[in-house]
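*Asks:* Okay, here's the prediction I keep looking at, along with the sequence it came from:
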Amino acid sequence: MKTGPFNPALLPESVFAVPPLARDSDYQIDADENEKIIRYLEAGGVRSLLYGGNAVLYHTSLADFDNLLAMLSDSAGPDTTVVPSIGPSYGIASDQIGILQEFDFGTAMLLPSRDIVDSAGIATGIRMLAEQYGKPLVVYLKHDRWLEPQDIQSLEADGAISWIKYAVVRENPAEDNYLREITDVFPAERIVSGIGEQPAIVHLRDFGITGFTSGCVCVSPRKSMDMLGAIQSDDIEMAESIRQYFRPLEDLRDGIHPIRVLHEAVRLAGVAETGPIQPMLSNVCEETQAKIREALKTMKLVD
Ligand SMILES: N[C@@H](CC=O)C(=O)O
């Protein structure tokens, strides 16, 4: 794993993969299977990994968190940046920082929670957690106006933000006043589009933000990396054709459940045995498995 302070200059260099977390039949983190996912991503050119929502870290125990950090530190290649996630509750995040300090990750992302929070309170939480960690944190904006632009501005002035994962879903991603206001107060070079391939062209081209995170990259890393390169070189026709390539799987994720479908898709694509998913989620049923297999067939990932 790449260690030392997180370098934002790396953000445009790789799609930020957001992988599922493989577990064995006893629900323990399966180091061998997770390593297969990491090797597969690295073989496709990916050099940035973000363990968060798709790994269901919302519900992880502190013991699991420790095991996860050890597994990631051991498994990721020397040029691969890994960002683990903490939270979503303030108290859990604070306890997790105690564990994080035993490892050499450059930053960590605070998972968002919509309940029992307000913008000024979230800002205080991020500021205090970053201070406790001694490093700026990744801010995950998943809900509209979760953190007001003036709070983002003041956190940036305090050096509390490493980068922003912007993941507010819009019917039309081109119409997004919140994102526009954020780019007015925070450097676009440190805002990453956080909803996969589908809105990435609009986010990068029209809002000038940098790179994108993706779950689908875990089944087809080379294609996703090619899409990033195509957007960066302004080959929008190529980027659009790759965006369409990912649609069969992404449409299933949107229609059923993004995390559960990805967890199964990585298994069905033959990347790794992902095993049982972390409770409070459940593995998909056989009917959904058949639909995922069909999508992977359309994407030429299985016969
Ligand atoms: N939510 C997106 C990007 C990751 O955060 C996905 O899973 O594709």
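*Replies:* Right, received. Where do you want to start?

*Asks:* ok, the residue in the stretch 51-200 of the chain that the ligand sits nearest to - contacts?
*Replies:* Closest residue of the stretch 51-200 of the chain to the ligand, CB to the nearest ligand atom: G196 (3.3 Å). The C-beta positions use only the backbone N, C-alpha and C, and glycine is treated the same way. Listed by CB atoms under 8 Å, 6 or more residues apart in numbering, the contact set of G196 reads 212-216, 246, 250.

*Asks:* L155 too?
*Replies:* Residues in contact with L155 (CB under 8 Å, 6+ apart) are 123, 126-127, 139, 161.

*Asks:* Among the residues you listed, the buried ones, what's the PyMOL command?
*Replies:* To isolate in PyMOL the members of the contacts of L155 that are buried, counting by 16 or more other CB atoms under 10 Å, one can use:
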select buried, resi 123+126+127+139+161
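
*Asks:* Could you identify the most distant pair in the contacts of L155?
*Replies:* Within the contacts of L155, R127 and V139 form the most distant pair, 11.1 Å apart (CB to CB).

*Asks:* and the stretch 201-303 of the chain, which of its residues are near the ligand?
*Replies:* For the stretch 201-303 of the chain, the residues in contact with the ligand (CB under 6 Å from any ligand atom) are 213-216, 258.

*Asks:* export those residues to CSV and tack on neighbour count and secondary structure?
*Replies:* What follows is these, written out as CSV (neighbours: other CB atoms under 10 Å; DSSP: H, G, I helix; E, B strand; the rest coil):
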residue, neighbour count, secondary structure
T213, 26, strand
S214, 32, strand
G215, 27, coil
C216, 28, helix
P258, 19, helix
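
*Asks:* Nearest to the ligand among the residues you listed?
*Replies:* Nearest member of these to the ligand, counting by CB to the nearest ligand atom, is G215, at 2.7 Å.

*Asks:* Tell me the predicted confidence for that closest one.
*Replies:* On pLDDT, G215 comes in at 98.

*Asks:* Now for the closest residue to it other than its chain neighbours, how many residues are close by?
*Replies:* In this structure, G215 finds its nearest non-sequential neighbour in L262, 4.5 Å apart by CB to CB, 6 or more residues apart in numbering. If you count neighbours by other CB atoms under 10 Å, L262 ends up with 28.

*Asks:* Contacts only, for F103.
*Replies:* By CB under 8 Å, 6+ apart, F103 lies in contact with 69-70, 73.

*Asks:* Scan the residues you listed and report the most crowded one.
*Replies:* Among these, L69 has the most neighbours (other CB under 10 Å), with 22 neighbours.

*Asks:* so it is in which element?
*Replies:* Here L69 sits within helix 62-75, counting by DSSP states H and E.
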